[in-house]
Structures are given as structure tokens and as C-alpha cells.
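1. here's my sequence, what's the structure:
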Amino acid sequence: MPYSVNDLRVAADAGVISATDLERLLTFLSSRESREQASGARPPAKFDAANLLWYAGALIVIGAMGLFSTLAFTQMGGRALTLCAIAYAIGFTVAGHHLWYGKNLRVPGGLLIAVAVSMAPLAVYGIQDELGWWGKFGKPGSVHDFYIWVKGSWVFMEIATVAAGTLALRYYRFPFIVALIAFALWFMSMDLAPWFSGADHLDFEMRRIVSIWFGLLVLAVAWTVDYRSRNGDFAFWLHLFGLLAFWGGITASDSATELGRAIYCLFNVGLLALAVILMRRAYAVFGAFGICLYLGHLADAVFKDSLLFPFALSLIGIAVIAAGLLYHRNERAIAGWLAAHVPAVLLRVQ
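-> Residues are numbered from 1 along each chain as shown. Down below sits the predicted model:
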């Protein structure tokens, strides 16, 4: 995990390292950076155009075989769908393995392995359809519906996805595979809830509650991964899907009163604060989006005919920018205060 100059100064202020050691370390780092610039060496970009194309291509393939599959594709029959899924899985696994171990291209290789994992629900769907099991455990549908509707009959497809992802992680520790596992577990939480509750199905309110609790569970796992492994890439997808489930469930609640909506806005402000403390941008994205939703509600309902509302929002925006400038100017002092008053466990979970 990279550390900034500000982090080193905070450590010196806290007495972890001496002022002399700090200056020697900064001098060394500065000289090394100068040598690297003189030699033309540059650190590799974390997400460049090549990464963008790799991820986009992988998502297109995953979507083509699932979310965007047509009715004609489903009518191929269970056996054909299973064979197609197996062929895709084998082909992408071989190609991914070659790039991962043969060419040391971890990102495209890992994405191809992730595509192979995403074939698991299609293969299981085809097997159930071919054996006549489809519909015995819930209302039947097509493979395309798996990504839209949440039903008890999808549980076996979700179990297969989790199993395939877990097996893939055993040999290819690629963080994006965690996203597929989290996605399947999210759907599984919705599908298993009726079985445990004894109901035939869950209404929207119950699904919302299940989503909130599942999101909290995933966030707890994400914080644990952050704390124990320090592997931000793996934890990123857990934070993202945990927030998606938790924040989505909170946002979907029907706040009938303005007080409830104001509390929702404060909840999103809290996410922004967590983004600063935990150094996780995902919290800032969801928090900012939630605040925008609340402001949109104010503009559409509460202040619909108010001429001054846009100007008031402009002043708020200017105040936020000013707060950012103030924070930047006092960043060292704020970081020192956090180091002195915030528990060390929270400071480590970044």
C-alpha cells in the first residue's frame, strides 16, 4: 500500500519516527524519484486504456451470455446451453491460464478466468432444464431472468457460481472474481429468505430489509479483509457490493416524512465522513449520490416553485468547495488529530 509524504509527517508528529529520520527518508525518496525521472522509468498505471478495454471486453462477454441473452438463445435447449457454457468455460480458462502463468499478464488473464466462472449459472441452468428439474423449486423462467428476478429456483445456479469462484481464487488470486462471488451471494440471500421465513415469496419491503442486512454483513467482511490482509484490491469489490446492497436498501425505503428524508441525507453525509476516515472512495460515491437524490427531492417537491432554491444550492456548493480548500490547508493538523483520537483499529482499516 503506498504512503504519502503527509502520512510520514503524521508518523513523525506521533513520535513513531524522529524528525531526523523523517528528513533523511524524504531526501532519499526525492533523490530516487529524480533518478527514475532522469532514466525515463515510470511506475505502471493502475488503470490505463488497456485495462479499460480488458474490463469492458470481459463485461461484454459476461453480459452477452447472461443479462443480455435473448429468448432465442434460451430456446437452444438445456443440453446445448450446458455444452455452450462448458466450451466457453474451458476456452476462457485455457486462455486465461496462459496469460496468467505463461505471459505474466495478470489483469487480462484474471478477467478471462472470471468470464469462465460466470459460465457456471448457465451450465447449471442447462442441466436443470435438460433433466426436467427446472420449475420444481420455484417458478420457471429463462437464464436471462436470473439477472432480473429473484426466485427460489435460482439457488443452485448461485451455489455453482460461488463454488466456481472459490475454486478459481484458489489458483488465480484475481480480485474481480470476488465481485462475481459477492453478486451471487447477494442474490442467494434474497432467494433463501423465503425458505427460512416459511413464506412463498418475499414482498418488496422484505427484500429491502434482507438487502440491508446482507450489505452490512459484506461490509463487515470487507473491513476484516482490509484489516487482516491489507489487500485493497480484494476488499474493494466487497466494499462496493456491500454498499450497493446496504445503500440500495436504505435508499429504496419509502420515507413518507420530510424528517425521514432529512435523516437519509445525514446518513449519506456520514458515508462521506467514512470515506475520509477509511480512505475508501466508494463510500464517497454512494454518499454523494444519496445527497444528490435528496437535493433532487427538495427541488422537485419542497421548493418546486422557489426561485431562490438554485441560488441557495449554489451557495452550498461553494461552501463545500471552501471546506475542501480548508481541509487541504489543514490536512496535517486534521490527520494528526485523527491519529491521536481515532482508535488505531479504524486507522488501520484503509
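2. mind exporting the C-alpha coordinates of stretch 215-226 to CSV?
-> Output of stretch 215-226 as CSV, limited to C-alpha atoms (Å, rounded to 0.1, in the frame of the first residue of the first chain):
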residue,chain,number,x,y,z
GLY,A,215,-24.9,-5.4,2.8
LEU,A,216,-23.9,-4.8,6.4
LEU,A,217,-22.5,-8.4,6.5
VAL,A,218,-20.5,-7.9,3.4
LEU,A,219,-19.2,-4.5,4.6
ALA,A,220,-18.0,-6.2,7.9
VAL,A,221,-16.2,-8.9,5.8
ALA,A,222,-14.6,-6.1,3.7
TRP,A,223,-13.4,-4.3,6.8
THR,A,224,-12.0,-7.6,8.1
VAL,A,225,-10.1,-8.2,4.8
ASP,A,226,-8.8,-4.6,4.9
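3. just the helices from the stretch 1-150 of the chain, written as ranges.
-> 5-13, 19-39, 49-64, 71-74, 78-97, 106-117, 120-131 (DSSP state H, counting those that start in this stretch).
4. for residue 291, which of these is the nearest?
-> When the helices of the stretch 1-150 of the chain are compared by CB to CB, helix 5-13 sits nearest residue 291, at 26.7 Å. For every residue, glycine as well, the C-beta is placed using N, CA and C.
5. go through the helices of the stretch 1-150 of the chain and pick out the most buried.
-> Among the helices of the stretch 1-150 of the chain, the stretch with the highest mean neighbour count (mean count of other CB atoms under 10 Å) is helix 106-117, at a mean of 24.
6. quick one: distance of that helix to the chain centre.
-> Mean-position distance between helix 106-117 and its chain equals 17 Å (CA atoms, centre = their mean, to the nearest Å).
7. same check on stretch 20-27?
-> Computed by CA atoms, centre = their mean, the chain-centroid distance of stretch 20-27 equals 37 Å.
8. so for the most centrally placed residue in the chain, what's the nearest residue that isn't a sequence neighbour?
-> What sits nearest the mean C-alpha location of the chain, by CA atoms, centre = their mean, is residue 240, with 2.1 Å. In space, and not counting its chain neighbours, residue 240 is closest to residue 282: 5.2 Å by CB to CB, 6 or more residues apart in numbering.
9. which residues of the chain fall in strands?
-> Assigned by DSSP state E, the chain shows no strands.
10. top helix in it by residue count?
-> Under DSSP state H, the helix in the chain containing the largest number of residues is helix 204-229.
11. and it, what does it pack onto?
-> Contact here means 3 or more CB pairs under 8 Å, 6 or more residues apart in numbering; DSSP states H and E; on that basis helix 204-229 packs against helix 176-197, helix 232-251, helix 344-348.
12. check which residues of that helix are buried.
-> 207-208, 210-212, 214-215, 218-219, 221-223, 225-226 (16 or more other CB atoms under 10 Å).
13. poorly predicted segments of the stretch 1-150 of the chain, please.
-> Low-confidence regions of the stretch 1-150 of the chain, defined by pLDDT under 70, span residues 1-5, 32-49, 67-74, 134-150.
14. could you count how many residues lie near the nearest residue to residue 185 once chain neighbours are set aside?
-> In this structure, residue 185 finds its nearest non-sequential neighbour in residue 162, 6.3 Å apart by CB to CB, 6+ apart. By the criterion of other CB atoms under 10 Å, residue 162 has 19 neighbours.
15. what sits against residue 162?
-> 181, 184, 185, 188 (CB atoms under 8 Å, 6 or more residues apart in numbering).
16. widest-spaced pair of those residues?
-> Within the contacts of residue 162, two members stand farthest from each other by CB to CB: 181 and 188, at 10.2 Å.
17. of those two, which one has the most company?
-> Neighbours were counted for residue 181 and for residue 188 using other CB under 10 Å; residue 181 has more, 22 against 19.
18. the closest residue to residue 129 other than its chain neighbours and residue 131, how far apart?
-> Closest residue in space to residue 129, ignoring its immediate chain neighbours: residue 78 at 3.1 Å, by CB to CB, 6+ apart. Separation of residue 78 from residue 131 (CB to CB, to the nearest Å) stands at 8 Å.
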